[in-house]
Structures are given as C-alpha cells and as structure tokens.
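Trainee: Sequence first, predicted model second:
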Amino acid sequence: MDIALSLLVLTIVALLLGAFALHRRGGYRKQAVLMVVLAAVMAVNVAIWTLPTTGGETLAGAAKEKAPE
C-alpha cells in the first residue's frame with residue numbers, strides 16, 4: 001500500500017508539472033485543465049487513504065493489518 005500511495009503522489013506532481021508546461025506552451029489549455037482536475041482527484045484519494053478517522057485509524061493502516069503475509 002505504501003508503494004501505491006507513493007506512486008500516486010509522484011504522479012500528482014508529474015501531472016501538475018506537465019499541466020504547467022502545457023499551459024506555458026499555449027494552445028493546450030483544455031488538456032492542462034484536465035490534468036489539473038485529475039491531479040486533484042488523485043490528491044483527494046490520497047487524503048482519504050491517509051487522513052485518520054475519529055478513532056485514529058487510517059484506511060491504509062487498516063488495509064495493512066488485514067493484508068495476508
């Protein structure tokens with residue numbers, strides 16, 4: 001699970017950098033906006049998996065406990 005979350009964060013950074021580069025190039029505004037929207041959706045997913053609940057548990061921690069070894 002840690003690897004998946006790390007890859008998600010790296011993908012978010014790559015999407016935002018790519019969107020910035022497309023915006024600076026000009027003519028690719030729609031694609032740049034879609035890349036930012038996708039990065040935002042992925043960031044919300046990372047937040048859902050890593051933010052603790054009122055009990056102090058995270059979804060990532062619960063998944064790690066229930067995963068077979």
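Mentor: Arrived safely, thanks for sending.
Trainee: Tell me where the chain is predicted with low confidence.
Mentor: Along the chain, the model assigns pLDDT under 70 to residues 69.
Trainee: any idea where the strands of it begin and end?
Mentor: For the chain, no strands turn up when DSSP state E is the criterion.
Trainee: for it, what spans make up the helices?
Mentor: 2-25, 29-50, 59-66 (DSSP state H).
Trainee: what's the angle from the shortest one to helix 2-25?
Mentor: So that's helix 59-66. Relative orientation of helix 59-66 with respect to helix 2-25: 150 degrees, computed using axes from the mean of the first three to the mean of the last three CA atoms, to 10 degrees.
Trainee: sorry, back to before: got the helices of the chain as CSV, with mean neighbour count columns?
Mentor: In short, each C-beta sits where N, CA and C put it, glycine included. Shown next, in CSV, are the helices of the chain (neighbours: other CB atoms under 10 Å):
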stretch, mean neighbour count
helix 2-25, 13
helix 29-50, 14
helix 59-66, 12
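Trainee: now stretch 1-14: how far from the chain's centre is it?
Mentor: Remark: stretch 1-14 is offset 6 Å from the chain centroid, using CA atoms, centre = their mean, to the nearest Å.
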